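Chemist: Sequence and predicted structure are below.
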Amino acid sequence: MSIEVTPVGPDDGQHAYEIQAQSHAFDVPDFPPLCPRSFFGSLTDPWPGAHKVHALARLDGVPAGFLELRLPYLENTGTADLSLDVLPSMRRRGVGSALLAHAMEASRADGRKHLIGESVWALPGGADRPVDGGVFARATGAALALTDIRRRLDATSIDEAALDSLVSAAWPSAAGYSLVKWAGATPEEFAADQAYLEGRLMSDAPTGDLAVEGMKMDTARLREVETARERRGRRAYTTAARHDASGRLVAITAIEFNDTPDWHAFQQITLVDPDHRGHRLGVLVKVENLRAVLAAEPALRAIDTWNAAVNAHMVAINEAIGFRPVDEWHSWQIAL
């Protein structure tokens with residue numbers, strides 16, 4: 001048995017796609033099919049602020065595993081983010097270990113001190129999930145650094161009365177604020193405020209023991225991200241809360257779709273400026289953004305979101321809206 005790891009070449013993209021698609025379908029069977037436009041875009045068009053390393057592993061000449069290594073260069077320059085997929089039928093034969101060794105060598109060569117990757121795990125009483133990823137991570141000596149819970153909202157059975165109650169209860173605390181909404185790119189008048197809020201994500205959200213720092217976000221980088229999103233066919237819906245006295249955006253949330261399929265979306269960041277917390281702004285922007293998306297996307301059936309298990313406040317909001325736990329996601333960290 002021989003394993004060969006090589007960079008992903010011009011003729012390897014379809015092999016890499018099929019490996020990741022089959023791996024995801026096995027590990028997370030309720031996930032939507034892998035979006036081709038997003039996947040193939042990532043091979044040649046990295047997101048702003050990071051370099052990418054892609055490698056393919058062949059087992060006895062047969063494509064068996066795919067590695068994507070993200071190397072940030074504007075912040076988190078000491079870490080590398082790992083995505084590693086092996087065909088379910090070819091696991092436990094050394095393919096993952098060979099790809100990990102390749103990732104560690106590339107990370108060290110680039111001066112990285114930590115390597116970070118994820119695996120999925122079943123919740124007690126929840127849907128079954130393969131243990132492959134977690135077992136592999138522990139066998140490598142990786143440390144469990146953060147636990148997130150994925151929750152899903154069934155968009156076909158939303159309790160509208162419950163949403164009305166959430167909004168009615170929130171507005172008395174939100175005097176002096178108003179809501180603004182948009183689809184696609186951020187209006188120019190709000191770009192600086194959105195960049196500031198998005199730059200707070202890693203500093204405000206729980207990160208456990210992960211060796212990560214906040215994103216260096218400004219208006220120019222925001223526009224680069226939006227352009228990259230558009231090239232991949234992604235579309236986003238955003239709702240923000242504006243502080244009427246200053247005119248600044250002080251809370252924001254977004255729901256994003258891949259190019260395909262149209263029945264699934266991701267609830268993305270929800271952020272409230274620390275100086276404006278306690279006014280129920282997080283509830284307001286999330287509920288009203290959800291309603292805008294439902295009106296614009298009639299095929300939508302499911303929305304997924306992740307929260308750190310310790311993020312009790314945001315978890316409570318999501319649960320009140322109707323999101324329910326599906327599975328557990330572990331972030332593993334290897335010191336290089």
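Modeler: Cool, got the structure.
Chemist: Would you confirm that Gly96 contacts Leu84?
Modeler: Yes - counting by CB atoms under 8 Å, Gly96 does reach Leu84; the two are 6.0 Å apart. Where C-beta positions appear, they are placed from N, C-alpha and C, glycine not excepted.
Chemist: overlap in contacts of those two?
Modeler: Gly65 (CB atoms under 8 Å, 6 or more residues apart in numbering).
Chemist: For the residue nearest to Leu74 when sequence neighbours are not counted, give me the pLDDT.
Modeler: On the basis of CB to CB, 6 or more residues apart in numbering, the spatially nearest residue to Leu74 that is not a chain neighbour turns out to be Gly49, at 4.4 Å. On pLDDT, Gly49 comes in at 93.
Chemist: what does the one 5 residues further on give?
Modeler: Taken from the predicted model, the pLDDT recorded for His54 is 98.
Chemist: now Leu201
Modeler: Looking at Leu201, its pLDDT is 68.
Chemist: Report the distance from stretch 226-246 to the chain centre.
Modeler: The gap between the average C-alpha position of stretch 226-246 and the chain average comes to 16 Å, counting by CA atoms, centre = their mean, to the nearest Å.
Chemist: Stretch 189-206 now?
Modeler: How far stretch 189-206 lies from its chain's middle: 16 Å, per CA atoms, centre = their mean.
Chemist: Can I get it in PDB, CA atoms only?
Modeler: In PDB, the C-alpha atoms belonging to stretch 189-206 read as follows (Å, rounded to 0.1, in the frame of the first residue of the first chain):
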ATOM      1  CA  GLU A 189     -22.900  55.100   4.200                       C
ATOM      2  CA  PHE A 190     -22.800  52.000   6.500                       C
ATOM      3  CA  ALA A 191     -19.500  50.400   5.300                       C
ATOM      4  CA  ALA A 192     -17.200  51.900   8.000                       C
ATOM      5  CA  ASP A 193     -19.600  50.900  10.800                       C
ATOM      6  CA  GLN A 194     -20.000  47.400   9.500                       C
ATOM      7  CA  ALA A 195     -16.200  47.000   9.100                       C
ATOM      8  CA  TYR A 196     -15.800  48.000  12.700                       C
ATOM      9  CA  LEU A 197     -18.400  45.600  14.000                       C
ATOM     10  CA  GLU A 198     -17.100  42.700  12.000                       C
ATOM     11  CA  GLY A 199     -13.600  43.400  13.200                       C
ATOM     12  CA  ARG A 200     -14.900  42.800  16.800                       C
ATOM     13  CA  LEU A 201     -16.100  39.200  16.000                       C
ATOM     14  CA  MET A 202     -13.100  37.200  17.400                       C
ATOM     15  CA  SER A 203     -12.600  39.500  20.300                       C
ATOM     16  CA  ASP A 204     -16.300  39.400  21.400                       C
ATOM     17  CA  ALA A 205     -17.200  35.800  20.600                       C
ATOM     18  CA  PRO A 206     -15.900  33.000  22.900                       C
END
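Chemist: Need the contact partners of that stretch.
Modeler: By CB under 8 Å, 6+ apart, the list of residues contacting stretch 189-206 reads 146, 180, 182, 186, 212-219, 221-223, 238, 240, 248-252, 269, 271, 273-274, 308, 310-311.
Chemist: Mind checking which of the residues you listed land in strands?
Modeler: 146, 180, 182, 238, 240, 249-252, 269, 271, 308 (DSSP state E).
Chemist: Surely Glu226 touches Pro187?
Modeler: No - taking CB under 8 Å as the contact criterion, Glu226 and Pro187 are not neighbours in contact, 11.5 Å apart.
Chemist: Those two - which one has more neighbours?
Modeler: Counted by other CB atoms under 10 Å, Glu226 and Pro187 do not tie: Glu226 has more neighbours, with 18 against 11.
Chemist: burial count for Ser168?
Modeler: 9.
Chemist: Check for me that it belongs to a helix.
Modeler: Yes - the assignment for Ser168 by DSSP: H, G, I helix; E, B strand; the rest coil puts it in a helix.
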